[in-house]
Every structure is written in C-alpha cells, then in structure tokens.
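Asker: 3D, please:
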Amino acid sequence: MSDIPDHAPLSVSVENQFPQDLFDAMRQFISGHPEWDQYRLMQAALAGFLFQQGCQDRAVVRHYLNGLFHHPATVNGSR
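Answerer: Purely as a prediction, here's the structure:
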C-alpha cells in the first residue's frame, strides 16, 4: 500500500454546505480560470490543508504537488 498507483484512485462523493461568500468566491475563481473546476479546487484545498498540518501520506503529498504544478494541458486526463 506504500506504492502510489499509476491509475486514478477511486472517488468518493462528499456533500458539504459552504457559506455563501466562500461559494461565490469559488465560482468567481473558477470562471476566471477555465483549467480549474470545483472538484479540482476542493481536492487541491483539502490536500493543501492536510499537507500543511503535517500529513506525510504519499498520496496526499502527490495530490498537493499536483495541485501546485498542474499544467492546463493535463486537464481531463489529456496529455
């Protein structure tokens, strides 16, 4: 389990309610950055939070770094 798989991990659906101002800020950011969507933004935010709190799980670190260095050409799995 210490190996990082080459394929996308299984996804889990999460439902959450955000304050309206955060939701509006997210929508505004996404509308100005077409390479981002709400799923990528939330994944980057969660991975960033966990990493900053000291989580050293390799999968979390990988998601964190992918969020930092993601190139628009790799959006939606196309390379």
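Asker: What is the helix or strand hosting Ser31 packed up against?
Answerer: Here Ser31 sits within helix 20-32, counting by DSSP states H and E. Secondary-structure packing of helix 20-32 (3 or more Cβ pairs under 8 Å, 6 or more residues apart in numbering; DSSP states H and E): helix 38-52. For the C-beta atoms, the positions are set from N, CA and C on the backbone; glycine is no exception.
Asker: what residues are up against the nearest residue to Gly48 once chain neighbours are set aside?
Answerer: Nearest non-adjacent residue to Gly48, counting by Cβ to Cβ, 6 or more residues apart in numbering: Tyr64, 5.8 Å away. Neighbouring residues of Tyr64 by Cβ atoms under 8 Å, 6 or more residues apart in numbering: Ala44, Ala47, Gly48, Leu50, Phe51.
Asker: tell me which element Tyr64 falls in.
Answerer: Per DSSP H and E: Tyr64 is located in helix 58-69.
Asker: Just the buried residues of the helix holding Ser31, please?
Answerer: By neighbour count with 16 or more other Cβ atoms under 10 Å, helix 20-32 contains the buried residues Met26.
Asker: any low-confidence regions in this protein?
Answerer: Within the chain, the segments meeting pLDDT under 70 span 1-9, 71-79.
Asker: my read: His63 touches Ala45, true?
Answerer: No - in this structure, His63 is not within contact of Ala45 by Cβ atoms under 8 Å, at 10.4 Å.
Asker: who's more crowded, these two?
Answerer: More neighbours surround His63 than the other of His63 and Ala45, with 19 against 12 (other Cβ atoms under 10 Å).
Asker: in this protein, which residue is closest to the centre?
Answerer: For the chain, Gln43 is the residue whose C-alpha lies nearest the centre (Cα atoms, centre = their mean; 2.3 Å).
Asker: for it, what are its contacts?
Answerer: Gln43 makes contacts with His63, Gly67, as judged by Cβ under 8 Å, 6+ apart.
Asker: Likewise for Arg40?
Answerer: Arg40 makes contacts with Gly67, His70, as judged by Cβ under 8 Å, 6+ apart.
Asker: From Gln52, how far out is it?
Answerer: Distance, Arg40 to Gln52, by Cβ to Cβ, to the nearest Å: 18 Å.
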